[in-house]
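Enquirer: Fold the following and give me the result.
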Amino acid sequence: MMQRFAALALSLFLAATAHAAAPQIIPLQGVLTDASGTPISTAVVVQFYLYPAQTGGSALWTETQTITPQDGLFVAYLGSQT
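Expert: So this is what the prediction gives:
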């Protein structure tokens, strides 16, 4: 009986501590090209938006960053500005 109680208490403790908070910064990788498909290597201003649904609605979050890709490849850290 005591072993079952200890196992139950341990599992409840682990379940309570396993809950993690949402990250404050999310890394995003991508490739930027011009209209002809050529990779961009100059600084560009990029606007990121987060919507509650796939279509329609108002943006829940926005952020603008200036990024400089290398041969089109870039990394942006969403949440680092806003």
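Enquirer: Geometric centre of this protein: which residue is closest?
Expert: In the chain, the C-alpha nearest the mean C-alpha coordinate belongs to residue 26, at 3.1 Å (Cα atoms, centre = their mean).
Enquirer: Let me see the contact set for the residue lying closest to that one once chain neighbours are set aside.
Expert: With sequence-adjacent residues excluded and distances taken as Cβ to Cβ, 6 or more residues apart in numbering, residue 26 is closest to residue 78, at 4.5 Å. Any C-beta I mention is one placed from the backbone N, CA and C, and that applies to glycine too. Contacts for residue 78 (Cβ atoms under 8 Å, 6 or more residues apart in numbering) come out as 25, 26, 27, 28, 48, 63.
Enquirer: buried subset of those?
Expert: Neighbour-count burial (16 or more other Cβ atoms under 10 Å) applied to the contacts of residue 78 gives 48, 63.
Enquirer: Farthest-apart pair in the contacts of residue 78, please.
Expert: The distance between the two most remote of the contacts of residue 78 (Cβ to Cβ) is 13.3 Å, for 27 and 63.
Enquirer: per-residue pLDDT, the residue nearest to the centre of the chain?
Expert: On pLDDT, residue 26 comes in at 91.
Enquirer: I figured it was touching residue 79, is that so?
Expert: Yes: the pair residue 26 / residue 79 is scored as a contact, 6.0 Å apart, by Cβ atoms under 8 Å.
Enquirer: Tell me how many other residues surround the residue nearest to residue 34 when sequence neighbours are not counted.
Expert: In this structure, residue 34 finds its nearest non-sequential neighbour in residue 40, 6.0 Å apart by Cβ to Cβ, 6+ apart. Here the count is done by other Cβ atoms under 10 Å, and residue 40 has 18 residues near it.
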